[in-house]
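Chemist: sequence below, structure please.
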Amino acid sequence: MRLKNKTRLLLQLVILGIVIVAVIRSTDVEAFCPLGGLLSIGSRYEHGASSCQMGENQMFLGVTLIVGLLVIGKLFCSHVCPIGTVTEWLGRWGRKFKIQIQRLPDFLDGWFRMLKYLLLLAVLYYTTTSSELFCKTFDPYYAAATGFGSDVVWWWALPALLVAIIGSLVMRQFWCKYLCPLGALSNLFQLGIYTIGSLLIFILLRIAGIPLSIFWLFLVWVAGGFLFEVYLPHSRFLLFIRIRRDTQTCIDCKLCDKVCPYDIKVSTAEVVQHVDCTMCADCVAVCPVKNCLTLKRLNWKYLPAFATVILIALSLGFSSRYEITTLSERWGEEQTPAHLSRYETVVKSVKCFGTATSFKNKIQRQKGIYGLDAYATSHRIVLYYNPAEIDLTGIKKAVFSPYKAKVNTPKGSAPEKLNMVFLGVSNLNDNVDNLNFVRLLSQSPVIYGFESDFGEPVRVLIFYDAAKITPEEIITLIETPKLTYQTPQGETIDLELNFDVQTDPEIIGEIDFPTFLQHIFTTYSRQFKNFKTTPRDSMLILEAVIPNLENQQVRRFLPYLTSHLSQNDGVVGVETFYRQQPVIWIYYHQAHTDTAAILALLKNPKMKVTFTNGKVEEYDNNFQVVPPYSILTMADLRAVKQNIKEKMAVLKVFETVEEPE
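Modeler: Residues are numbered from 1 along each chain as shown. Just a heads-up that it's a prediction; the model follows:
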């Protein structure tokens, strides 16, 4: 049967087109996720933090989704949801090839409907208590759109994707009716009195001082939603607009039943109030009798599609006008808002809840700062501080992150010596700027590294081959207003830059290339268990070469490797360094373990990682450990470090290398 509702089809095609463009351009495929927005609101209520990657777009879309549910119905499901669209189209193919069954027996239908409420309970509870979107681990849309990205648990998502595809071929909207958490949540908010009423009671009980876990609210929701859906499927409360059938003019052609995506028997209802109805209005569009099927109260067949567009437009308008904090925290009980001043800045590396939390953990250690508001969308940070304890310079220094990076690797033989020049550079504020600065400097193959230190402007030390480039040419390169570069995926990116050199170049001498490599390498050091109390004469160090430690994407998993190695009771510390090549030093108590056991852990293809909450996960071990392996005593290590110290002492700009305490 030809589809008559062309308006809805157009909306579905537009949404799918936006998703496809987002996938091709590797942009945010969650940008219009109302479920994530609603879960993020719940997370903010529970412990003041938005779910990671969820911002104003998703939150306002979630709010307008609720408004639409209370007034009209499940418009998102019928007009916007990519899973709903694709599974609906798959269902038509199932009917075309006569492989689709009509419906499950009633007793099975009821039990299957319970599944989506159980999934909803897990999604609600784990997301609001952890600020991580649990649904991303299994969501078929997210898995398909990201190519089973890093947040996806493939042994959950792959079966979910297969069930969504195969289920839709053999039964109308199998995923939506039986497994979709957003479908379950949408059904709950159509029971407005029950759902909103229980929420208000829960909030009042908490205000009264009763320490109820939010789990009990969610349990009441899903239990009530399931019971209403199975035993009172036509009891939709507070819905203003419904589809009405004129029994006097109906010719009983049953075309409405055939086109209904959810197999609702429209031809037998006077008013369609079934829980599965998504207000797609396909039945209204296909009805051959004028005004036989109409929209009760507002009889305009284009109303559902029009309302969908209006609600999306309103949500996007509000999200562009009002910014919501991703993280808002205060600490220091003796401090009151009246005593505190505000300092506002932009930290581009604050992009989500996770990066905002990392920034908070760093800034919280600074005496005199007692709170922050972080806005991921604009990357704004508002700090609350006591001016009697810290001044603006101190705050700026606390926000600043020193940085050093290798810029280029020599092609062919390396120069024997590198020159160094100090420059004062403005607009070099955070690690996003640092990364762009590296990209800019890498345009010259004879600039080999840079590091920065706090200053106003920021003090930058650049390592370069003086025989091939001058400080003045370096300044010209730094002040380039636009940079074009290619990503590893082959995408061309145009960057607008505004770095400005505000001081005269200060040439401070030369350094030999091997010492430069040692200095520019980013070291890592962790001690744990009884490291401090272990006698130094009973401690040994296993030294192993890991060439890919210079790769930043590999190096960021060093805390995971540390946790993995700490499974061995004898290992008490981990440190990385650069000798002739990157090495790892593993400190261990020789009475409690041996090198063979440690090497077995290092070479294991999987790393067992234990998190602070006790959760244990396994990750691929991408550290490429190669021989030679050496055993050092603490005396040997002191000699190695003393030698490095003497090399670094040629200039005061280099930090000293100390033995871990």
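
Chemist: where does pLDDT dip in the stretch 151-300 of the chain?
Modeler: 235-239, 297 (pLDDT under 70).

Chemist: for it, which segments count as helices?
Modeler: Secondary structure of the stretch 151-300 of the chain (DSSP state H, counting those that start in this stretch): helices at 154-170, 174-178, 181-190, 192-207, 214-231, 255-259, 282-286.

Chemist: helices and strands around the longest one, which ones?
Modeler: Pointing back at helix 214-231 there. Packing partners of helix 214-231 (3 or more Cβ pairs under 8 Å, 6 or more residues apart in numbering; DSSP states H and E): helix 106-130, helix 181-190, helix 192-207. Quick note: C-beta positions are derived from backbone N, CA and C, even for glycine.

Chemist: of the ones you listed, which is nearest P505?
Modeler: P505 lies closest, by Cβ to Cβ, to one member of those: helix 106-130, at 49.7 Å.

Chemist: could you say which of the helices of the stretch 151-300 of the chain is packed most deeply?
Modeler: Mean neighbours per residue, mean count of other Cβ atoms under 10 Å, is largest over the helices of the stretch 151-300 of the chain for helix 181-190, with a mean of 26.

Chemist: quick one, it and helix 192-207 angle?
Modeler: 90 degrees (axes from the mean of the first three to the mean of the last three Cα atoms, to 10 degrees).

Chemist: on contacts alone, who are the packing partners of helix 181-190?
Modeler: Using 3+ Cβ pairs under 8 Å, 6+ apart, helix 181-190 is in contact with helix 34-47, helix 56-71, helix 75-79, helix 106-130, helix 192-207, helix 214-231.

Chemist: out of the helices of the stretch 151-300 of the chain, flag the one nearest R330.
Modeler: So among the helices of the stretch 151-300 of the chain, helix 192-207 is nearest, using Cβ to Cβ, at 19.8 Å.

Chemist: any idea how far stretch 356-373 is from the chain center?
Modeler: 21 Å (Cα atoms, centre = their mean, to the nearest Å).

Chemist: now it - C-alpha only, PDB.
Modeler: Extracted C-alpha coordinates of stretch 356-373, given in PDB (Å, rounded to 0.1, in the frame of the first residue of the first chain):
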ATOM      1  CA  ALA A 356      34.800  19.400  34.000                       C
ATOM      2  CA  THR A 357      35.300  17.000  36.900                       C
ATOM      3  CA  SER A 358      39.000  16.600  36.000                       C
ATOM      4  CA  PHE A 359      39.300  20.400  36.000                       C
ATOM      5  CA  LYS A 360      37.500  20.600  39.400                       C
ATOM      6  CA  ASN A 361      39.800  18.000  40.900                       C
ATOM      7  CA  LYS A 362      42.800  20.000  39.800                       C
ATOM      8  CA  ILE A 363      41.400  23.400  41.000                       C
ATOM      9  CA  GLN A 364      40.100  22.100  44.300                       C
ATOM     10  CA  ARG A 365      43.600  21.600  45.500                       C
ATOM     11  CA  GLN A 366      44.300  25.400  45.300                       C
ATOM     12  CA  LYS A 367      43.900  27.200  48.600                       C
ATOM     13  CA  GLY A 368      41.500  30.100  48.400                       C
ATOM     14  CA  ILE A 369      39.200  28.700  45.600                       C
ATOM     15  CA  TYR A 370      35.900  27.300  47.000                       C
ATOM     16  CA  GLY A 371      33.700  26.500  44.000                       C
ATOM     17  CA  LEU A 372      33.100  26.500  40.300                       C
ATOM     18  CA  ASP A 373      30.500  26.500  37.600                       C
END
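
Chemist: for it, buried residues please.
Modeler: 356-357, 359-360, 363, 366, 368-373 (16 or more other Cβ atoms under 10 Å).

Chemist: closest one to A31 out of these, please.
Modeler: A356 (18.5 Å).

Chemist: dump the residue contacts of that closest one.
Modeler: Neighbouring residues of A356 by Cβ atoms under 8 Å, 6 or more residues apart in numbering: 49, 326-327, 350, 374, 376.

Chemist: which one of these has the most neighbours?
Modeler: With neighbours taken as other Cβ atoms under 10 Å, the top of these is T326, carrying 31 neighbours.

Chemist: A376 is in contact with that residue, correct?
Modeler: Yes - assessed by Cβ atoms under 8 Å, T326 is found in contact with A376 at 4.0 Å.

Chemist: scan the protein for its longest strand.
Modeler: Using DSSP state E, we find that the single longest strand of the chain is strand 417-426.

Chemist: that one - what's its average pLDDT?
Modeler: For strand 417-426, mean pLDDT rounds to 94.

Chemist: can you map out the helices along the stretch 301-450 of the chain?
Modeler: Remark: helices assigned in the stretch 301-450 of the chain by DSSP H, counting those that start in this stretch are 303-321, 353-363, 392-399, 431-441.

Chemist: and the contacts of the third one?
Modeler: Pointing back at helix 392-399 there. Counting by Cβ under 8 Å, 6+ apart, 343, 345, 347, 362-363, 366, 368-369, 381, 383, 385, 390, 429, 454, 456 sit against helix 392-399.

Chemist: buried residues of that helix, list them for me.
Modeler: Those would be 395, 398-399, for helix 392-399 by 16+ other Cβ under 10 Å.

Chemist: got it, and the last one?
Modeler: When burial is assessed from 16+ other Cβ under 10 Å, helix 431-441 yields the following buried residues: 433-434, 436-441.

Chemist: and stretch 94-110, end to end?
Modeler: Taking Cα to Cα, to the nearest Å, stretch 94-110 runs 23 Å from one end to the other.

Chemist: quick revisit: what residues do T326 and A376 have in common as contacts?
Modeler: 50, 55, 350, 352-353, 356.

Chemist: S198 is in contact with V222, isn't it?
Modeler: No - if you go by Cβ under 8 Å, S198 and V222 don't touch, sitting 11.2 Å apart.

Chemist: low-confidence stretches in this structure?
Modeler: Ranges of the chain meeting pLDDT under 70: 1-3, 47-53, 235-239, 297, 333-338, 489, 613, 646-661.

Chemist: domain ranges for it, per the record?
Modeler: Per automatic domain parsing, the domain ranges recorded for the chain read 6-20+30-303, 327-399, 403-513, 521-648.
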